[in-house]
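sequence first, then the predicted structure:
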Amino acid sequence: MRRLIKSRGMLLLVVLALAMVACGDDEPAPTPTTAATTAATGAPATTQPAAPLTTITEEPSETDEAPTTTAAEVTTTSAAPTTEAPAEPVTIRAAVTGDESTLNPYTYISGFPGWNLLMLQYDSLMQVDKNGVPRPWLASSISVNQDLTEYSVTLVEGVTWHDGEPLTAHDLDFSVDYYINNVEASRFARDLRGVEDLVVTDDYNATFVLSGPNAGFELAALADVPIIPRHIWESVELPSEHDFGGTNIGTGPYKLVEYVEGQSYRFEANPDYFRGAPAVDELVVIVFADDVGAQAAIRTDAVDVIFERIPPEQIDLLDAEDPLDVVLGPEFTTQMINYDASKRPFDDVAVRQAINLAMNRQDIVDTVFLGAATIGSPGWIHPGHPSYNADIGTVYDPAAANALLDAGGYLDSDGDGVREFDGQPMSFEIITNGSDSLRLRIAELTVEMLAAIGIETSVAAVETATWEQAVWPGFDVNNGRNYDIAMWGWSAPVQADPLRLPQLVAGVPAGGFLNLTGYANAEMDALSAVLGTEPDPAERNKILGRMQEIIAEELPFVLLLYPDGAYVYDSSVYSDWEFIAGQGIVSKLSLLPPSARP
């Protein structure tokens, strides 16, 4: 039986939550300080009178109870015993497509599901709840000053690492320093950009001192950066090469106890987890070559859940097979076209505009996703978000695309159906990861749509690591690019937090750490510089509106759509999956008892 997370309702919850902590809208908005005032009980945030300091505290919840069952939900075939038998250990076998290396903060590969598996072993100071709102986690409380430049943290006392050593604020201090200063690049250093100091006052209290106001620090950093143990990592010079003895030491609900490269991972529950023992005792993650193999495995009882979204055409088919169930909900992942905008002909905005006009997004949504997706805005931000610029429209017009190319001198001089530029044909390779069948189908439709405007393309379906190395060599934009056109997409956090927009479109010196197309624009750099430091939500929203206008006009990339998430699982093995709005079911929350969830 299908579980449906209502897209509009859940989307509204998450966008409202993000609005409170990050952006504001056109209506009168609370100050950033009061907007962040929430209790860690899972209840919606409430607006309080303005105050010089905001405190977010972790308190016992009166609503975080296990779901009750009714006679209609439970079927018995014999009389109930007078005493309960000991619960059998629960083991879940999960399918993923693609290896994620050794899953420490420097070796995991993808934003999804790599980061999700990483965070089974580690914890961050905050954890997003099912509505996408960051709540205190390793922190028992977080206080924010009025100008958003100091975030003071009090840690939960009694938390221990997997080896029994206590977690202290000195581990927090070490983690921040390590991510920022280690010779090997870490994406978590980007989250911590702007941290000038971390002042430790005792074993359980510390204050982040920022170089300027940062309204998105909770979501982008405190709810994202895994804390690592000083006593393990202080001797680690090159984490990508270090032998950690076959396991990773974190504070998380699971310990990685076995890794067979290219084949599987085995996680054991941490019985001493500070939020309570996990509901699942063992998690075995099996690596498949593609999603077709993963779907065959769950049909034949070789796995119990697929930790990746299933294709839309499989939703009804899999849901009809007992005891399989499907859970659906809105996600903030993206499907998009990248090109190297630093070289010909993609450095010409007319060519980029023509590609955008040639893309029939509705056809892609209907054909590939069977309607289970939202058409992408050319300005990047999801149409359901309060920061979305409603003046930006999506246009499909191949005739206008052809006219742009004609006017730009990109003509088909020999009549072979392919235009030329600089004396050579407009013929390019579209690189994509072959393990993702949905993205591969989008690439094939892109070939047809670009052919209609005289641009010849072919699809190169390669291994994920090869694809990533071409588009994002070494996960460092300073290393340039090795592609012409690529299918691409970002994991949910990049889209969910509009204050991360500069990372995608600003120049590298201005913070464009995710600018994979080489796009450059001076006004965009200037807007990016002030977006995250502007304390007034209404002003931030105006800045975001202008940034969307520039993106829709200059098209540093072509955003096609935002897919919905559909996950299949065997309900006879485990059914208590938690769908986080915008992110899906693959998180530690799904594997913890409801009483332990924020």
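Everything's here; your move.

if I look at M524, how far off is P383?
Distance of M524 to P383, given as Cβ to Cβ, to the nearest Å: 21 Å. (C-beta placed from N, C-alpha, C; glycine too.)

please apply the same query to F579.
21 Å.

what of Y569?
Counting by Cβ to Cβ, the gap from Y569 to P383 is 30 Å.

same question, E157
Note on E157: its distance to P383, by Cβ to Cβ, is 44 Å.

next one: A452
In terms of Cβ to Cβ, A452 sits 26 Å off from P383.

and the two? Which one has more around it.
Neighbours per residue (other Cβ atoms under 10 Å) separate A452 from P383, with P383 holding more: 16 against 13.

if we look at the helix or strand that contains A206, which residues are touching it?
Per DSSP states H and E: A206 is located in strand 205-210. The contact list for strand 205-210, computed with Cβ atoms under 8 Å, 6 or more residues apart in numbering, reads 148-155, 169, 172-173, 176, 194-201, 217.

what subset of these is buried?
148-155, 169, 172-173, 176, 194-195, 198, 200, 217 (16 or more other Cβ atoms under 10 Å).

from those residues, which land in helices?
The members of these that map onto helices under DSSP state H are A169, L172, D173, V176, F217.

that's a helix at I364, yeah?
Yes: with DSSP: H, G, I helix; E, B strand; the rest coil as the criterion, I364 is part of a helix.

distance of it relative to E268?
42 Å.

who's more crowded, those two?
The neighbour comparison of I364 against E268 (other Cβ under 10 Å) goes to I364, with 22 against 16.

the more buried one contacts L559, correct?
No: using Cβ atoms under 8 Å, I364 makes no contact with L559, being 11.6 Å away.

common neighbours of these two, please.
With Cβ under 8 Å, 6+ apart as the test, I364 and L559 both reach Q335.

tell me the helices in the stretch 151-300 of the chain, going along the chain?
169-181, 187-191, 217, 230-233, 291-299 (DSSP state H, counting those that start in this stretch).

which residues of the stretch 351-500 of the chain fall in strands?
Listed in chain order, the strands of the stretch 351-500 of the chain (DSSP state E, counting those that start in this stretch) span 373-375, 420-421, 424-425, 427-433, 456-462, 485-488.

what's the closest of those to S186?
strand 485-488 (21.2 Å; Cβ to Cβ).

which strands or helices does that closest one pack on?
strand 335-339, strand 427-433, helix 437-451, helix 464-471 (3 or more Cβ pairs under 8 Å, 6 or more residues apart in numbering; DSSP states H and E).

so for K255, which of those sits nearest?
helix 464-471 (25.9 Å).

check the offset of the closest one from the chain's centre.
Distance of helix 464-471 from the chain centroid (Cα atoms, centre = their mean, to the nearest Å) equals 18 Å.

also stretch 389-406?
Worked out by Cα atoms, centre = their mean, stretch 389-406 lies 29 Å from the chain centre.

just stretch 447-466 next, same as before
Counting by Cα atoms, centre = their mean, stretch 447-466 comes out at 25 Å from the chain centroid.

please apply the same query to stretch 88-104.
18 Å.

likewise stretch 550-562?
Worked out by Cα atoms, centre = their mean, stretch 550-562 lies 19 Å from the chain centre.

before we move on, back to that, buried deepest among the strands of the stretch 351-500 of the chain, which one?
Stretch with highest mean neighbour count among these: strand 485-488 (a mean of 25; mean count of other Cβ atoms under 10 Å).

out of the helices and strands in this structure, which is least certain?
helix 32-35 (a mean of 28; mean pLDDT, DSSP states H and E).

so which of the contacts of strand 205-210 are in strands?
150-155, 195-201 (DSSP state E).

OK, contacts around D422?
R344, P345.

tell me which helix or strand comes right after the longest strand seen in the chain.
Counting by DSSP E, the longest strand found in the chain is strand 558-570. Next in sequence after strand 558-570, counting helices and strands by DSSP H and E, comes helix 588-591.

now do that following helix: which elements does it pack against?
Applying 3+ Cβ pairs under 8 Å, 6+ apart, one finds that helix 588-591 contacts helix 114-121.

tell me the helices and strands packed up against the helix it packs on.
Under the contact rule (3+ Cβ pairs under 8 Å, 6+ apart), helix 114-121 is packed against strand 254-260, strand 264-269, helix 588-591.

could I get the average pLDDT for the last one?
Pointing back at helix 588-591 there. In this model, helix 588-591 has an average pLDDT of 98.

how far does that helix sit from the chain's center?
The chain centroid and the centroid of helix 588-591 are separated by 16 Å under Cα atoms, centre = their mean.

contacts for it, please.
92, 119-120, 127, 129-130, 252-254, 278-280, 283, 576-578, 580, 597-598.

for Q495, give me its contacts.
Contacts of Q495 (Cβ under 8 Å, 6+ apart): F332, T333, T334, W380, I381, H382, Y562, G582.

again, but for G565
G565 sits in contact with R309, L328, G329, P330, E331, T333, F579, G584, I585, where contact means Cβ under 8 Å, 6+ apart.

ok, the helix or strand harbouring the second one: who's next to it in the sheet?
Just to be clear, that refers to L328. Using DSSP H and E, L328 maps to strand 324-330. Sheet pairing of strand 324-330 (DSSP bridges) gives strand 3-4 (parallel), strand 558-570 (antiparallel).

and of these, who's closest to H162?
strand 558-570 (27.0 Å).

output the closest one as PDB, restricted to C-alpha atoms.
The C-alpha trace of strand 558-570 is given here as PDB (Å, rounded to 0.1, in the frame of the first residue of the first chain):
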ATOM      1  CA  VAL A 558      19.600  25.100 -17.700                       C
ATOM      2  CA  LEU A 559      17.500  23.800 -14.800                       C
ATOM      3  CA  LEU A 560      15.000  21.300 -16.200                       C
ATOM      4  CA  LEU A 561      12.900  20.000 -13.200                       C
ATOM      5  CA  TYR A 562      12.700  19.100  -9.600                       C
ATOM      6  CA  PRO A 563      11.800  15.300  -9.200                       C
ATOM      7  CA  ASP A 564       9.500  14.000  -6.500                       C
ATOM      8  CA  GLY A 565      10.900  11.200  -4.300                       C
ATOM      9  CA  ALA A 566       9.600   7.700  -4.500                       C
ATOM     10  CA  TYR A 567      11.100   5.000  -2.300                       C
ATOM     11  CA  VAL A 568      10.200   1.300  -2.200                       C
ATOM     12  CA  TYR A 569      10.600  -0.900   0.900                       C
ATOM     13  CA  ASP A 570       9.500  -4.300   2.300                       C
END
